[in-house]
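S.K.: fold the following.
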Amino acid sequence: MGRKGSRYTLEEKLFYIGLVQAEGWSARAVQRTYGVKNSQVSKSYTRLVQCYLSRIFQRAIALGFMDENPAKTIGNVRKEKTEVGFWTKEEFEAVIKTFYIEDYYQHFCFMILWLQFMTGMRIGEATALQWEGIDFEEGTIRVNKTLWLRSYEIYTFSAPKTPAGNRIIPPDAKTLEILSKWKEAQASECKTDSVVSYNGMPVRRDLVGRIIDRHAALAKVHRIRVHALRHSHASLLISLGENPLVIKERLGHEDVQTTLGTYGHLYPNMNLAAAKRLNGLVAIDFATDDVANVQPNGSVHGTLPKVAKKLQSDSDKVSQR
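M.R.: Numbering: from 1, shown residues only. Model (predicted):
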């Protein structure tokens with residue numbers, strides 16, 4: 001088994017190289033580094049570098065090499081706002097029509113796309129899924145690990161991306177049926193505990209990307225990234241009017257703010273829909289007689305409010321002088 005992925009390799013390199021040179025860093029030097037990185041890579045990668053640099057500086061402070069963290073001094077790299085891509089139900093149905101399910105490999109390809117589209121699992125969670133994690137009797141899928149794959153020989157399993165990633169997903173009946181049929185087909189070709197495998201070996205992310213490319217072209221729909229299958233599941237639930245809290249639980253988000261922050265723009269007509277649901281919801285049945293018996297100033301007919309009484313008393317005293 002090898003390291004968990006490229007981000008861990010990056011962290012190790014930055015840590016061991018950066019810690020030695022931590023004394024020479026200043027806020028200006030860090031800012032200059034971000035500027036160079038931003039011109040070469042995505043902002044998300046620059047944010048990753050910033051995160052690891054900050055950890056290095058914190059360790060350097062603890063060891064007495066530095067007095068302050070320059071990465072914290074200049075603040076975070078602004079997050080890049082990107083539009084979430086996804087397939088609609090109709091687009092996915094068009095993609096499904098391009099699979100010849102009698103072919104074993106195409107059966108596998110269909111299954112992996114369906115699994116992600118209908119559960120919202122991250123690709124690492126899906127490829128780490130084992131048959132023991134599916135309870136066909138109870139109708140549940142247990143997500144408790146993710147796969148970090150460097151090669152077919154070097155890979156490892158680790159905890160999900162966040163603590164909330166440890167979750168139970170109740171799939172629909174059709175998904176359980178599809179998984180059951182795939183289990184039978186897989187058993188006739190290879191022996192493996194992995195759900196997402198057609199040859200007993202773990203599946204690479206780029207393989208799923210090629211499946212998407214090939215069948216999107218055949219279906220004449222736009223290509224999406226592998227992670228967008230997860231977005232597609234969220235958008236499907238949103239189109240069904242599902243509660244954001246339910247979507248949060250299925251996706252394994254830490255809080256509902258993450259869910260709304262990522263998919264809030266997919267709710268363009270929700271405010272109007274809410275107004276329509278409110279219309280006529282509260283019954284209006286006015287009284288046929290004056291039961292409140294109040295004056296425009298808020299006092300009850302036949303009485304004076306306390307302030308008015310005091311003013312009247314004062315005016316009486318003045319007139320008597």
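
S.K.: part of a helix, is Ile112?
M.R.: Yes: under DSSP: H, G, I helix; E, B strand; the rest coil, Ile112 sits within a helix.

S.K.: check whether the residue nearest to it when sequence neighbours are not counted sits in a helix, strand or coil.
M.R.: Of all residues not flanking Ile112 in the chain, Val196 sits nearest, at 5.5 Å (CB to CB, 6 or more residues apart in numbering). Yep, even glycine has a C-beta here, placed from its N, CA and C like the rest. State at Val196, reduced to three classes by three-state DSSP: coil.

S.K.: list the contacts for Val196?
M.R.: 111-112, 115, 126-127, 129, 203 (CB atoms under 8 Å, 6 or more residues apart in numbering).

S.K.: among these, which are located in helices?
M.R.: 111-112, 115, 126-127 (DSSP state H).

S.K.: distance to Tyr155 added to those residues, as a markdown table?
M.R.: Putting the ones in helices among the contacts of Val196 into a markdown table (distance: CB to CB, whole Å) gives the following:
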| residue | distance to Tyr155 |
| --- | --- |
| Met111 | 20 |
| Ile112 | 17 |
| Leu115 | 19 |
| Ala126 | 14 |
| Thr127 | 9 |
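
S.K.: mind giving me the ChimeraX command for buried ones among those residues?
M.R.: Per 16 or more other CB atoms under 10 Å, the buried members of those correspond to this ChimeraX selection:
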select :111,112,115,126,127
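
S.K.: out of the ones in helices among the contacts of Val196, which is nearest to Arg210?
M.R.: Nearest to Arg210 out of these is Ile112 (CB to CB; 11.5 Å).

S.K.: how many neighbours does the closest residue to Asp172 other than its chain neighbours have?
M.R.: The shortest distance from Asp172 to any non-neighbouring residue, by CB to CB, 6+ apart, is to Met118 (6.5 Å). Using other CB atoms under 10 Å, the number of residues around Met118 comes to 19.

S.K.: and Gly85, helix, strand or coil?
M.R.: coil.

S.K.: what about it, how many residues nearby?
M.R.: Neighbour count for Gly85, taken as other CB under 10 Å: 14.

S.K.: list the buried residues in the helix or strand hosting Leu237.
M.R.: Counting by DSSP states H and E, the element that carries Leu237 is helix 228-239. Neighbour counts using 16+ other CB under 10 Å place 228-238 of helix 228-239 among the buried residues.

S.K.: number of nearby residues for Asn144?
M.R.: For Asn144, using other CB under 10 Å, the count is 16.

S.K.: skipping its backbone neighbours, what lies nearest it in space?
M.R.: Closest to Asn144 by CB to CB, 6+ apart is Asn166, at 5.3 Å.

S.K.: contact partners for the one you found?
M.R.: 143-144, 159-160, 252.

S.K.: next structured bit after the helix or strand harbouring Tyr52?
M.R.: In this assignment (DSSP H and E), Tyr52 forms part of helix 43-62. Following helix 43-62 in sequence order, the next helix or strand is helix 70-74 (DSSP H and E).

S.K.: what sits against Leu129?
M.R.: If you count contacts by CB under 8 Å, 6+ apart, then Leu129 has 115, 121, 141, 143, 194-196 around it.

S.K.: next: Asp193.
M.R.: Asp193 is in contact with 130-132, counting by CB under 8 Å, 6+ apart.

S.K.: now render the residues you listed as JSON lines, adding pLDDT.
M.R.: Converted to JSON lines, these look like this (pLDDT from 0 to 100):
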{"residue": "Gln130", "pLDDT": "96"}
{"residue": "Trp131", "pLDDT": "97"}
{"residue": "Glu132", "pLDDT": "97"}
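
S.K.: just among the residues you listed, which is most surrounded?
M.R.: Gln130 (16 neighbours).

S.K.: could you measure it against Glu138, distance?
M.R.: The spacing between Gln130 and Glu138, counted by CB to CB, to the nearest Å, is 16 Å.

S.K.: same check, this time on Asn293
M.R.: Counting by CB to CB - Asn293 and Glu138 are separated by 63 Å.

S.K.: likewise for Tyr152?
M.R.: From Tyr152 to Glu138 the distance is 33 Å (CB to CB).

S.K.: related to what we said a few turns ago, ok, of the buried residues of helix 228-239, which one's closest to Val208?
M.R.: Leu229 (8.3 Å).

S.K.: thought that closest one was touching Phe117?
M.R.: Yes: here Leu229 lies in contact with Phe117, judged by CB atoms under 8 Å, at a distance of 5.2 Å.

S.K.: any common contacting residues for the two?
M.R.: Counting by CB under 8 Å, 6+ apart, the shared contacts of Leu229 and Phe117 are Trp87.
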